[in-house]
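Next come a sequence and a model predicted from it.
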Amino acid sequence: MSEPQGGGGTQPLPVIEQAESEFGQSASAAAYQPLPTLTQDDDKSGRFWSPRRVPAALISLVVLGGAGLLLYDVVAVRADHPAMRWRRELAHQLGERPLDDTAVLAGAAVAALAGVWLLVLAATPGQRAILPMRRTHSDVRAGLHRGAAAMVLRDRAMDVSGVQSVRVRMTRSKVDVRAVSHFRELDDVRGDLDATLADGIRDLGLARAPGLSVHVARPGKKG
């Protein structure tokens, strides 16, 4: 386990855990300090809320169509025309069927699921693929797509000597890096990746810097 050396100024990257298995793999979880913001609003930078255009459009079309059809039928009845057959049949079925009927229970279940779905959409922000960035100005808010962030970190990792290929998987709370090294000691490559990717994550300017997990292995045997 490596330890920070010296005092004051910039400290080397501490390694929380590292292990090398019999299969020629080296893994670590790195801890680092993110860059400070000018407004100290890191904790207030929540996720971006999705406009929910597709669900809103679908619900609006259903409500508009149903309300328009019902209104037309009511006006027709007021004008001494007979009610539409579907409304007469619906009223008859509602009056005849018991509450424990399969069709009634199925309709109630569908309505309940639709209501729960709408409540979830209303209470959750969505936009999981967009990571909030640090707010240096109160009137400016920016976000970074997780795919773009992962691509930037992958390019950084490919610049490390000894790295043959890299796969970066980025979530809201963690960056999981799996690299293949074809030369150099695995621990040396992992240490360089820890430092390089920690700097890369800080340079992304995210409001909440994710954790970093690095795994390095040798290429698989061919044939």
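Great, that's in hand.

roughly how far apart are the closest residue to Thr171 other than its chain neighbours and Gly107?
Using CB to CB, 6 or more residues apart in numbering and skipping the chain neighbours, the partner closest in space to Thr171 is Pro210 (6.9 Å). Bear in mind the C-beta positions are built from the backbone N, C-alpha and C, glycine included. Look at Pro210 and Gly107: by CB to CB, to the nearest Å, they are 45 Å apart.

Same drill for these two, tell me which one is more crowded.
Neighbours per residue (other CB atoms under 10 Å) separate Pro210 from Gly107, with Pro210 holding more: 19 against 11.

Please report the distance of the more buried one from His137.
Applying CB to CB to Pro210 and His137 gives a distance of 23 Å.

one step back: how about the contacts made by the residue nearest to Thr171?
170-175, 201 (CB atoms under 8 Å, 6 or more residues apart in numbering).

how about the most centrally placed residue in the chain, what does it touch?
In the chain, the centroid-proximal residue (CA atoms, centre = their mean) is Arg128; its distance is 2.8 Å. With contacts defined as CB under 8 Å, 6+ apart, Arg128 is in contact with 47, 172.

Would you mark the buried spots in the longest helix anywhere in the chain?
The helix that spans the most residues within the chain, counting by DSSP state H, is helix 53-78. Residues Asp73 are the ones in helix 53-78 that count as buried (16 or more other CB atoms under 10 Å).

do the same with stretch 156-169
156-157, 160, 162-163, 166, 168.

again, but for stretch 180-190
180-181, 186-187, 189-190.

Report the separation between the two terminal residues of that stretch.
10 Å (CA to CA, to the nearest Å).

swap in stretch 79-88?
End-to-end for stretch 79-88, by CA to CA: 17 Å.

Likewise for stretch 177-193?
Span of stretch 177-193 from end to end, CA to CA: 9 Å.

Ok, stretch 168-178 next?
Taking CA to CA, stretch 168-178 runs 6 Å from one end to the other.

ok, residues contacting that stretch?
Contacts of stretch 168-178 (CB under 8 Å, 6+ apart): 128, 131, 146-147, 149-151, 153-154, 157, 166-167, 193, 197, 201, 208, 210-217.

Which parts of this structure are strands?
15-20, 25-30, 130-132, 143-145, 163-170, 174-181, 211-217 (DSSP state E).

need the contacts of Pro210 in CSV with neighbour count and distance to Gly115, can you?
Compiled in CSV, the contacts of Pro210 are given as follows (neighbours: other CB atoms under 10 Å; distance: CB to CB, whole Å):
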residue, neighbour count, distance to Gly115
Met170, 25, 34
Thr171, 13, 30
Arg172, 14, 28
Ser173, 9, 31
Lys174, 12, 34
Val175, 24, 38
Ile201, 24, 41
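
Sounds good, over and out.
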